[in-house]
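*Asks:* pasted the sequence and its predicted model underneath.
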Amino acid sequence: MSNPVLVEVTRGSMVESRHRGIVAVVDGDGGKVMSLGDVETPVFPRSAVKSMQALPLVETGAADRYGFGEKELALACSSHSGEPEHMRLAGDIVARAGLGEADFECGCHWSSQQDVLIAQARAGDKPNQLGNNCSGKHAGFLCLACHAGVDHHGYVGYDHFVQQSVRDVMADLTGTSLGHDNCGTDGCSIPTYAAPLDRIAHGFARMATGTGLGPDRARAATRLMSACMAEPYYVAGTGRACTALMSMAPGRIFAKTGAEGVFCATVPEKGLGIALKCEDGSTRGAEAMIGAVFAKLFEADEELSSRLADWSTKTMKNWNGIEVGQIRPVGELG
């Protein structure tokens, strides 16, 4: 099937570009509250499922052993901007397990925050693994391995204890068989698995409601999402969409982006899980989509819904500050 156009980009009075998308909003029992496009198509959720990947860290007691509070748990679920606070906390987390920057296996890149990047370059710094946007997740992986008494070397590998633990959790939450056939390699070198979008949404609804989960997993899921909502800066960073959305409605929205136009989210008070993908992998399209989905789900709260709708529509300006067009949700999201 052809997925619907859900976002338009205008220039002047004309539509210059269009983004097709897929959206699944599911309740804890698996009922579809919103279904746009081919929601049964398998997608790689990438970093949008980091809260699922962090569940073994909490369930095994590793988070408690190393004294993780809300900031640490939020960072373990994050795709942060590589700002100084993010880097310091990632380093502090692994230091509690007697490890350091050299023990990470996520690779290096510069900060995605332009002012931080410029400051790093001016200071003659070189990027290190603490600045990788996935270093919080990897810090959690390292602590999980140390807590279990497992050699942490090679923890990004498909057969390592850490990745087996993550795979088992994600297969259980999504009700999907995960293995080599639907596995790829993520940007930070860990395995990433494709699953039907509606099943990913259902997995997040189960995390939000505890439906069908054992008590330990339900508590761990609540703890992780609550930490992210309490410390949204550590989930993303300055000016980032995840941080902005969770700050807009404290305790009412959990949202996490992933590469290639993916968002996963929950509305805890409604017991709903959300998964969406901008078909062409565009971040601008995915951000417009998730804002519009939240605006519809909170229609009963007119003030919040209006702010979310406004946030989902972006005015584009050129280098002289002249308004030239918009990025706006359309169709069933408009």
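*Replies:* Alright, I've got the coordinates. Note that the structure is a prediction, hence the values are computed from the model and not measured.
*Asks:* what comes into contact with the lowest-mean-pLDDT helix or strand in the chain?
*Replies:* Least confident helix or strand of the chain, by mean pLDDT, DSSP states H and E, is helix 114-122 with a mean of 85. Helix 114-122 is touched from outside by 81-84, 110-111, 127, with contacts defined as C-beta atoms under 8 Å, 6 or more residues apart in numbering. All C-beta spots, glycine's among them, are computed from the backbone N, C-alpha and C.
*Asks:* report the buried members of the residues you listed.
*Replies:* 81-83, 110-111, 127 (16 or more other C-beta atoms under 10 Å).
*Asks:* tabulate those residues (JSON lines), appending distance to residue 276.
*Replies:* As requested, the buried ones among the contacts of helix 114-122 are arranged in JSON lines below (distance: C-beta to C-beta, whole Å):
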{"residue": "81", "distance to residue 276": "22"}
{"residue": "82", "distance to residue 276": "26"}
{"residue": "83", "distance to residue 276": "27"}
{"residue": "110", "distance to residue 276": "28"}
{"residue": "111", "distance to residue 276": "27"}
{"residue": "127", "distance to residue 276": "31"}
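*Asks:* quick one: low-confidence residue ranges for the chain.
*Replies:* Along the chain, the model assigns pLDDT under 70 to residues 1.
*Asks:* what's downstream of the longest strand anywhere in it, the next helix or strand?
*Replies:* Longest strand in the chain by number of residues (criterion: DSSP state E): strand 14-27. Downstream of strand 14-27, the first helix or strand assigned by DSSP states H and E is strand 32-36.
*Asks:* direction included, what does that next one pair against?
*Replies:* Paired neighbours of strand 32-36 in the sheet (DSSP bridges): strand 14-27 (antiparallel).
*Asks:* can you give me the buried ones in the partner strand?
*Replies:* For strand 14-27, by 16+ other C-beta under 10 Å, it's 19-27.
*Asks:* hmm, back to that, which of the contacts of helix 114-122 lies closest to residue 252?
*Replies:* Nearest to residue 252 among the contacts of helix 114-122 is residue 81, at 23.5 Å by C-beta to C-beta.
*Asks:* out of everything not next to it in sequence, what's closest to that closest one?
*Replies:* Among residues not flanking residue 81 along the chain, residue 237 sits closest, at 3.1 Å (C-beta to C-beta, 6 or more residues apart in numbering).
*Asks:* ok, that neighbour touching residue 84?
*Replies:* No - with contacts counted by C-beta atoms under 8 Å, residue 237 stays clear of residue 84, the gap being 10.6 Å.
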